[in-house]
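Engineer: show me the folded form of this:
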Amino acid sequence: MAVDKFTLSEDQVVGAPVAIPDPPADAWKDKSVQREHTPAKVKSNLTYRQIEQEIEMIDNSIASQEARKAELEADLAKIEAVANPSE
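Structural biologist: Numbering: from 1, shown residues only. The predicted model follows:
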């Protein structure tokens, strides 16, 4: 299995760092990282925070889907009670 390579983006490495007075402890999450996909040499920029947000959106989607599934299962039970009262 090929392994992707992650490095700080050039704009994060080149030049003097911008001094931010008392940066938040999680400021590192906003640093842009370059991802080199393998086997194809495709590069994209992303941040830790972007991936965190994507995971959060997936979690929210899962929760929403589970709630909808529960609603549909309840509807199935109601329909079965009406359509098949003998059981």
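
Engineer: all strands of this protein, in order?
Structural biologist: Here the chain has its strands, by DSSP state E, at 5-8, 33-37, 42-46.

Engineer: need the winner for burial among the ones you listed.
Structural biologist: strand 33-37 (a mean of 15; mean count of other Cβ atoms under 10 Å). Heads up, the C-betas are built off the backbone N, CA and C, glycines and all.

Engineer: who wins for proximity to Lys78 among the strands of the chain?
Structural biologist: For the strands of the chain, proximity to Lys78 was assessed by Cβ to Cβ; strand 42-46 is nearest, at 45.5 Å.

Engineer: can you list the strands that the closest one pairs with?
Structural biologist: If you go by DSSP bridges, strand 42-46 pairs up with strand 33-37 (antiparallel).

Engineer: now the partner strand: average pLDDT?
Structural biologist: Mean per-residue pLDDT for strand 33-37: 86.

Engineer: check the offset of that strand from the chain's centre.
Structural biologist: Averaging C-alpha positions (Cα atoms, centre = their mean, to the nearest Å) puts strand 33-37 16 Å from its chain's average.

Engineer: circling back: could you dump the strands of the chain to a markdown table with distance to Ile58?
Structural biologist: Below are those laid out as a markdown table (distance: least, Cβ to Cβ, whole Å):
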| stretch | distance to Ile58 |
| --- | --- |
| strand 5-8 | 20 |
| strand 33-37 | 18 |
| strand 42-46 | 15 |
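
Engineer: out of those strands, which comes closest to Asp59?
Structural biologist: Once the strands of the chain are compared by Cβ to Cβ, strand 42-46 is nearest, at 18.4 Å.

Engineer: what segments of the protein are helices?
Structural biologist: Ranges of helices in the chain, per DSSP state H, are 10-13, 48-83.
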